[in-house]
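# Provide a 3D model corresponding to the input given below.
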Amino acid sequence: MFKCLLNTETVIEMSDEGNKKMKKHHLPHDHGQNTEMLLGKLPAVEDCEMAAEIFKQISNGTRLRILWLLCHCEECVSNISAAMGMSAPAVSHHLKTLKNTGLLVRRRDGKEIYYKLADTPVAEYIHRICEEIFKMKCPL
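Have a look, this model is predicted:
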């Protein structure tokens, strides 16, 4: 076990396996908001980076349209391309990035690759966000 001093207020302990644990926070001011307890439960950097990546994916209008379509049906790249009015390589690029963040899954049937919304809590939440917040109602 070794310690890494990030600044004068925060110490991180690193185990030999590379696991990080926040040790103690010594905030310069106490504003009576129980901030030290909250900092003990602060999400890991990796978790926040993954969440940011997912939000980055849906911040692109084309990917959001593709995702909306695939929330409601399973489709091949050719049909998605035709529906979006884009080339198959451009659509494939968007599909790859959505798949890499875990929002889509794919399956191969002969030469065709079909995509649909992943059956995960994160993908389902993103679908609900699109429907409720952005008023992109499910047609089914």
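# So which helix or strand of this structure has the lowest pLDDT on average?
None of the helices or strands of the chain scores lower by mean pLDDT, DSSP states H and E than strand 2-5, at a mean of 36.
# Listing request: residues of this structure with sub-threshold pLDDT.
1-25, 27, 134, 136-140 (pLDDT under 70).
# Strands along this structure, start to end?
All strands of the chain, identified by DSSP state E, fall at 2-5, 10-14, 20-25, 75-76, 104-109, 112-117.
# Which other helices and strands does the shortest one contact?
So that's strand 75-76. With contacts defined as 3 or more Cβ pairs under 8 Å, 6 or more residues apart in numbering; DSSP states H and E, strand 75-76 has these neighbours: strand 112-117. From N, CA and C alone the C-beta is placed, and that goes for glycine too.
# Can you give me the buried ones in the strand it packs on?
Within strand 112-117, the residues scored as buried using 16 or more other Cβ atoms under 10 Å are 114-117.
# cool, and stretch 58-66?
58, 63-66.
# and what of stretch 122-139?
Residues of stretch 122-139 classed as buried by neighbour count (16+ other Cβ under 10 Å): 123, 126-127, 130, 136.
# Any idea how far that stretch is from the middle of the chain?
Relative to the centre of its chain, stretch 122-139 is centred 15 Å away, using Cα atoms, centre = their mean, to the nearest Å.
# what does it rub up against?
Stretch 122-139 is contacted by residues 54, 58, 64, 67-68, 71-72, 102-104, 117 when judged by Cβ atoms under 8 Å, 6 or more residues apart in numbering.
# and P89, how far is that from E53?
Distance check for P89 against E53: by Cβ to Cβ, to the nearest Å, it reads 22 Å.
# which of the two has more neighbours?
Remark: of P89 and E53, E53 carries more neighbours, 13 against 9, as counted by other Cβ atoms under 10 Å.
# residues in contact with that one?
Per Cβ under 8 Å, 6+ apart, neighbours of E53: T101.
# Any chance of TSV for the buried residues of strand 112-117, columns distance to A83?
Shown next, in TSV, are those (distance: Cβ to Cβ, whole Å):
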residue	distance to A83
Y114	14
Y115	12
K116	14
L117	16
